[in-house]
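>>> What follows is a protein structure lacking sequence information:
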C-alpha cells in the first residue's frame, strides 16, 4: 500500500524553543544521500549575543531558509534581531498556534522538534514584527512618554511637599514650575 506524504513546503528549517537564559534549537534539513529523508539535529545554545551570532553562522552554513521561534515574554528579541541582522528569515509565532497534542510529553527538546515539523509543513503563520525603523521609532516614542510621565510625577511630588510645608503656591500661581514660579 502506497501512502502519499504531503510535500514539505520549506526544505531547510530551524526552530528555537526559547527560555530565559538559553534556547533549544532544532535544525531539520534534507538527507544528502536519501531523497525524502530528513536529518534532524537538536542542540542547546545560550542566550548571549556571541552564541546567537555563532548560531546564525551555523544556520547559514546549513542552508537554513527559515528560523521560527515561539513568542516567549521578551526573551525572543535577541534571537530574532540578531538572526535577522545576519540575513536569516525569522518568524515569530504565537504560542496559541503551536499547541501541542494532548497527552504528548512536553520538554524543550520536543517543543523545538514539534515547532520545526510544523514549520517545514507550512502549518504556521508569522506574527507581525514591525521593521527596524518602526521599532526604533516606537522605542523612542515610548521612552519619551515614560520621561514625560516621570517629569509630571516629580512635579506633583514637589507640589505636595510644598503643600505639606504650608506653602500654597498653586493658589497664587497657575504654574509653579513656570518662570514666575521658579
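Done, it's in. Predicted, not measured: the structure shown is a model, and the values here were computed from it.
>>> Going by C-alpha atoms from here, please, whenever you check contacts or count neighbours.
Fine.
>>> From the contact counts, what lies against the lowest-mean-pLDDT helix or strand in the chain?
Counting by mean pLDDT, DSSP states H and E, the weakest-scoring helix or strand in the chain turns out to be helix 108-120, with a mean of 88. If you count contacts as 3 or more CA pairs under 8 Å, 6 or more residues apart in numbering; DSSP states H and E, helix 108-120 packs onto strand 13-18, strand 22-30, strand 38-46, strand 66-70.
>>> So for it, what gets flagged as buried?
By neighbour count with 16 or more other CA atoms under 10 Å, helix 108-120 contains the buried residues 108-117, 119-120.
>>> where along this protein do the helices fall?
49-62, 76-85, 108-120, 132-164 (DSSP state H).
>>> Pick the most deeply packed of those helices.
helix 108-120 (a mean of 21; mean count of other CA atoms under 10 Å).
>>> if we can go back for a sec, and which of the buried residues of helix 108-120 is nearest residue 171?
residue 108 (62.2 Å; CA to CA).
>>> Dump the helices and strands packed on helix 108-120 to JSON lines, plus mean pLDDT, mean neighbour count and distance to residue 126.
Putting these into JSON lines (pLDDT from 0 to 100; neighbours: other CA atoms under 10 Å; distance: least, CA to CA, whole Å) gives the following:
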{"stretch": "strand 13-18", "mean pLDDT": "93", "mean neighbour count": "27", "distance to residue 126": "13"}
{"stretch": "strand 22-30", "mean pLDDT": "92", "mean neighbour count": "22", "distance to residue 126": "18"}
{"stretch": "strand 38-46", "mean pLDDT": "92", "mean neighbour count": "14", "distance to residue 126": "22"}
{"stretch": "strand 66-70", "mean pLDDT": "92", "mean neighbour count": "24", "distance to residue 126": "8"}
